[in-house]
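Take this sequence and fold it.
(chains A and B)
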Amino acid sequence: MFEEEKSLIKNKIRKYLTEQCIEASGLEFRQIPFSGEWGLAVPLFPIAAGEARSGKKVIVPKRAQALAEAIKEHIGEPPAGFSHIEATNGYLNLFFTTSKYAKRVVDTVMDEGGNFGRGSDRNKKVMVEYSQPNTHKSFHVGHLRNVILGGSVCRILEFTGFEVIRANYLGDIGLHVVKWMWNYLKNHAGEQPGENKTHWMNDIYAEADQLFQEPENEAEVRALYARWNAKDPEIVALWEKTRQWSLEGFEQIYEQLGESFDRIYFESEVEDSGIVFIEKLIEMGIAKDERPEGPVFIDLDAIEGTQDEYRVLVVLRSDGSSLYATKDLPLAIKKFEDYDLDESIYVIDARQSLYMKQVFKTLGILGYEWADKLYHLAYELVNLPGNVTMASREGTVVLFDDLVIEATSRAKAIVEAKNPELTEAQKDAIAEAVALGALKYTMLSRDNMKVVTFDWDAALDFNGQAAPYIQYAHVRAGSILRKAGEESPKTCEFPDELEKSEVDLIELMTRLPNEVQRASSEFRPLAIANLAFEMAKTFNDFYNTCQVLNTEPEIRAYRLRLVAAAKQVIATCLNLLGITAPGAM
RNA sequence: GCCCCUGUAGCUCAAUUGGACAGAGCACUGGACUUCUAAUCCAACGGUUACAGGUUCGAGUCCUGUCAGGGGCGCCA
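You can find the predicted model right below:
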C-alpha cells in the first residue's frame, strides 16, 4: 500500500540530494517502531555512509541526522495525507494523518474482502510435490508436518498469483508392500479394512515387520517377492486391491486435513521407464555399470570436476533392481512433459538434501533446460522427546488418528463447558476445527529448518500462541458483528484520536500484502502464522479496551468497520494456513 | 575425514532479511468477569543472542575460527 506516497516522497528526497550533489542510492522505507501513529521512515544512514566512502570526512550517524533535518526543511509543509514530519536518530519520519490513514486502510480491506493481499496473476505454473506416503503403512505425525507445510505453501502460492498443481508421489512398491501381502495372506486372509483404513493397514504391516525377523518367514516373504516380480496375476490383483485400501485410507486423512491432489504419481508407474532410462545413461557414458560386482552409478564429482560436493549417485542395484533415483529422474521429466511447468517444488525432509542436489545436478548434466527450475523445499523432522526419530519399525510413532482423536476429545470437553447450549453436531464441528487447527498451527509456527519435538502436552495446549487463540479472536469479532445486526456502514470517517489497540490493529492489517509475498517467495508459512497471532493478540486487546456496541454512534460506526476488517484479515491468514475458523467456540 | 542444518529469557519459539530499546507464548507471582463469549485481558519477573575475532556508521542477522547438538556422505527411502 501507499506506493503513490512513497514515490512522491522518494522523488522529493532525490531532488534535494541531487541539488546538493549527493549520491542518492539506498533510499528505502522502513516501519517506524513504537507506533502510536503511522508513518514511513527513511533511514539516511546509507546516504551518509556513501558520502563517507567517497572520501568526505563525515561521522555517519551525525551526518545522517543532519541530512534528515535538511530534508525535513526542504520538504517544508507535509504533503497531503501527512500530518507532520520528524527527523530523529538519523531517520526521516513522515507521519500520516491518522483519520485519513485509518479510513483508507479499512476501506481497502473491506472493498477487497478476501482478495485483500492477493497478488496479481503471474501466468506461471508451479508443481508442488508433497505428502508422498508409502502405501500399506502408517501415517504418523512426521508425515503430518509434510502435508501441512506443503498444503499451506500451495495456498500461499495460489494467493500470490501462481497456478499450482498439487502432486502426490506414492511409494506403492517394494519390500514393505510384499511383507504386508505376505502377512495378509498368511494371517488375515479375507479380512476387510475397518473404519479407519490406514490404522488397520498399519497394524498388519507392523505385525509383518515383527514376523519378518524370523528367518523362515523372511524366506517366505522373499518367495512372494519373486512371484510379485514375475507379475503373478493373483499377487498383482491382491496388490491392486490392497493398495486401493491404502489410497482410500489416505483420502480419509486428506479430507480431514482439507487437502486434495490434482495428480497422483505412483512409484510403480515410473519404475520400468526408469530402468530403461538408466540403460540409456550407461550407453551415453554418464552412468558407470559395475554389475554384477557393483551397482550402476553416476560419479557426479568426476563429471563436474568437484571434490566431495556431489559425491556419487547410485542409480541401479547390482542385481538390476531399481532405487529411488531410478524413479526420481524419469519422474522429474514426466512432470515437465505432463504440465509444461515453470517451477517444480519438492517438499521433502532435510535428510535428503544431498540426494536432491544430486538428482537436480544429474538432470542439468543431461541438458534439461528446466533443471534450474527444480527446488527442494527442505524441512526438519518431527522427533519425539529425547530426540527419538519416528519410525514405524521401531514402534516410536504417534499415529495421526490417535493424535486427532485425543485432540478432538479434549477440544470437545472444552466446548461442552463453554457452550453447552449448542447442538452435538455444532460442538463436534467446533472440536474438530479447534483440534486440527491446533495441530496445524504448531507445525506451521516454527521455521521449516527447526526440528519439532513432539510433546503431547504442548501439542494439545490450546492456550497462548496457538490456533484456538486466533480462532477465538475471529469468533469474538463475528459475535460483535452479528449482534450489531443488519447495519454495516459502507464507509465512515475515522477520528484523529484513536486508541492504541485500534492503531496497532490497523497497522497490522497493512502488513498482510507484504507478508504474503514474503511467505510465497521464501516458502515460509511462518510469516503468515506470526501475523495471524499478532492480529489476534491485538484484537483481543482491542476487545478488552474498546467498546463497540455500547458506545456513541459515531464511534460505534467506525469500530464496527474496524472489527469487520480485522475479522477479514484474520480469516485470510487462517485460510492460507489451512485452518478453519468456526463461527462459535 | 568432508559437507549441510541448528544454537536467542528456566522451557518452546519470533525478530519486517544489515537498522531505532532483541519480542511473544508457556511456567512462576499478583490483579480483572452484574458490561460485545474470561479458550480473554493487565501487571511483575526473566537476556553477555554458545564463544572468540573480523567487516560496517550500525551485527542475533554477513565473513573466519572454536565449541555443543542433529543430519548426510557408491547398491535405505
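
Show me the strands in the stretch 251-400 of chain A, by range?
All strands of the stretch 251-400 of chain A, identified by DSSP state E, counting those that start in this stretch, fall at A:263-266, A:288-289, A:296-299, A:312-316, A:343-349, A:374-379, A:382-384, A:388-389.

which one of these lies closest to RNA strand B?
Closest to RNA strand B of those is strand A:312-316 (CB to the nearest atom of the strand; 3.9 Å). Quick note: C-beta positions are derived from backbone N, CA and C, even for glycine.

what about the closest one, near RNA strand B?
Yes: counting by CB under 7 Å from any atom of the strand, RNA strand B has neighbours in strand A:312-316: A:312, A:314.

now do stretch A:564-576
No: against RNA strand B, stretch A:564-576 shows no contacts by CB under 7 Å from any atom of the strand, the least distance being 12.2 Å.

chain center to that stretch, what's the gap?
Using CA atoms, centre = their mean, to the nearest Å, the mean C-alpha position of stretch A:564-576 is found 17 Å from that of the whole chain.

Tell me which residues are up against that stretch.
With CB atoms under 8 Å, 6 or more residues apart in numbering as the test, stretch A:564-576 has contacts from A:105-106, A:109-110, A:113-114, A:116-117, A:152, A:155-156, A:159, A:437, A:467, A:470-471, A:473-474, A:477-478, A:481, A:488, A:505, A:508-509, A:512, A:516, A:519, A:525, A:528-529, A:531-532, A:535-536, A:539, A:542, A:580-581.

the strands in the stretch 101-250 of chain A, which residues?
A:125-129, A:163-170.

need the residues of the stretch 301-450 of chain A near RNA strand B, please.
Within the stretch 301-450 of chain A, the positions lying close to RNA strand B (CB under 7 Å from any atom of the strand) are A:308-309, A:311-312, A:314, A:317-319, A:323-324, A:350-355, A:380, A:387, A:389, A:411, A:414-415, A:418-419, A:430, A:434, A:445-447, A:449-450.

And the residue in the stretch 451-585 of chain A that RNA strand B sits nearest to, which helix or strand is it part of?
Taking CB to the nearest atom of the strand, RNA strand B has its nearest neighbour within the stretch 451-585 of chain A at A:Gly464, 2.3 Å off. Secondary structure from DSSP states H and E places A:Gly464 outside every helix and strand.

go on, the one 4 residues further on?
Element membership for A:Pro468 (DSSP H and E) is helix A:467-484.

CA-only coordinates of that helix, as CSV, when you get a sec.
These are the backbone C-alpha positions of helix A:467-484, laid out as CSV (Å, rounded to 0.1, in the frame of the first residue of the first chain):
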residue,chain,number,x,y,z
ALA,A,467,-4.6,-21.7,16.7
PRO,A,468,-7.6,-21.7,19.1
TYR,A,469,-6.4,-18.3,20.4
ILE,A,470,-6.6,-16.9,16.9
GLN,A,471,-9.9,-18.7,16.1
TYR,A,472,-11.3,-17.3,19.3
ALA,A,473,-10.5,-13.8,18.2
HIS,A,474,-12.2,-14.5,15.0
VAL,A,475,-15.3,-15.8,16.8
ARG,A,476,-15.4,-12.7,19.0
ALA,A,477,-15.3,-10.4,16.0
GLY,A,478,-18.0,-12.4,14.3
SER,A,479,-20.1,-12.2,17.5
ILE,A,480,-19.9,-8.4,17.7
LEU,A,481,-20.9,-8.1,14.0
ARG,A,482,-23.8,-10.5,14.5
LYS,A,483,-25.1,-8.6,17.5
ALA,A,484,-24.8,-5.3,15.6
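
For the closest residue to A:Leu316 other than its chain neighbours, give the beta-bridge partners.
Leaving out its chain neighbours, the residue that sits closest to A:Leu316 by CB to CB, 6 or more residues apart in numbering is A:Val296, at 3.8 Å. Note on A:Val296: beta-bridge partners by DSSP bridges are A:Asp289, A:Leu316.

Check what pLDDT A:Val296 gets.
pLDDT for A:Val296: 97.

Look at it and say how many residues are nearby.
Neighbours of A:Val296 under the rule other CB atoms under 10 Å: 24.

tell me the contacts of it?
Going by CB under 8 Å, 6+ apart, A:Val296 touches A:278, A:281-282, A:287-290, A:314-316.

Name the member of the residues you listed with the most neighbours.
When neighbours are taken as other CB under 10 Å, the top entry among those is A:Val315 (30 neighbours).

doesn't A:Pro330 make contact with that residue?
No: at 10.9 Å, A:Val315 and A:Pro330 do not qualify as touching, with contact defined as CB atoms under 8 Å.

I'd like the domain boundaries of chain A, if you could list them.
Using automatic domain parsing, the domain ranges for chain A come out as A:3-96, A:125-394, A:400-577.

rank the ones you listed by pLDDT, which is bottom?
With a mean of 86, domain A:3-96 has the lowest mean pLDDT of these.

That domain close to RNA strand B?
Yes: between domain A:3-96 and RNA strand B, judged by CB under 7 Å from any atom of the strand, the touching residues are A:30-34, A:41, A:43, A:45-46, A:48-49, A:52-53, A:60-61, A:64, A:88-91, A:93.

and what of stretch A:451-460?
Yes: Stretch A:451-460 lies within reach of RNA strand B by CB under 7 Å from any atom of the strand, at A:451-453, A:458.

same question, stretch A:164-181
Yes: part of stretch A:164-181 sits near RNA strand B under the criterion CB under 7 Å from any atom of the strand, namely A:171, A:174-175.

Looking at the residues of stretch A:451-460 next to RNA strand B, which are in helices?
If you go by DSSP state H, the residues of stretch A:451-460 next to RNA strand B have A:Ala458 in helices.

A:Leu341: which of the residues of stretch A:451-460 next to RNA strand B is nearest?
Closest approach between these and A:Leu341, by CB to CB: A:Val452, at 30.0 Å.

Rebuild the strands of the stretch 101-250 of chain A as TSV, extending it with distance to A:Asn202 and mean neighbour count.
Formatted as TSV, the strands of the stretch 101-250 of chain A follow (distance: least, CB to CB, whole Å; neighbours: other CB atoms under 10 Å):
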stretch	distance to A:Asn202	mean neighbour count
strand A:125-129	23	22
strand A:163-170	15	21
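
Now a ChimeraX select for only the buried ones of the contacts of stretch A:564-576.
Command for ChimeraX that selects the buried part of the contacts of stretch A:564-576, burial taken from 16 or more other CB atoms under 10 Å:
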select /A:105,106,109,110,116,117,152,155,156,159,437,467,470,471,473,474,477,478,481,505,508,509,512,516,519,525,528,529,531,532,535,536,539,542,580,581
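
thinking again about what came up before, what is the helix holding A:Pro468 packed up against?
If you count contacts as 3 or more CB pairs under 8 Å, 6 or more residues apart in numbering; DSSP states H and E, helix A:467-484 packs onto helix A:424-444, helix A:526-545, helix A:553-577.

tell me the angle the first one makes with strand A:374-379.
Looking back up the chat, that one is helix A:424-444. Orientation check (axes from the mean of the first three to the mean of the last three CA atoms, to 10 degrees): helix A:424-444 against strand A:374-379 gives 110 degrees.

what distance separates helix A:424-444 from the middle of the whole chain?
Helix A:424-444 sits 18 Å away from the centroid of its parent chain (CA atoms, centre = their mean).
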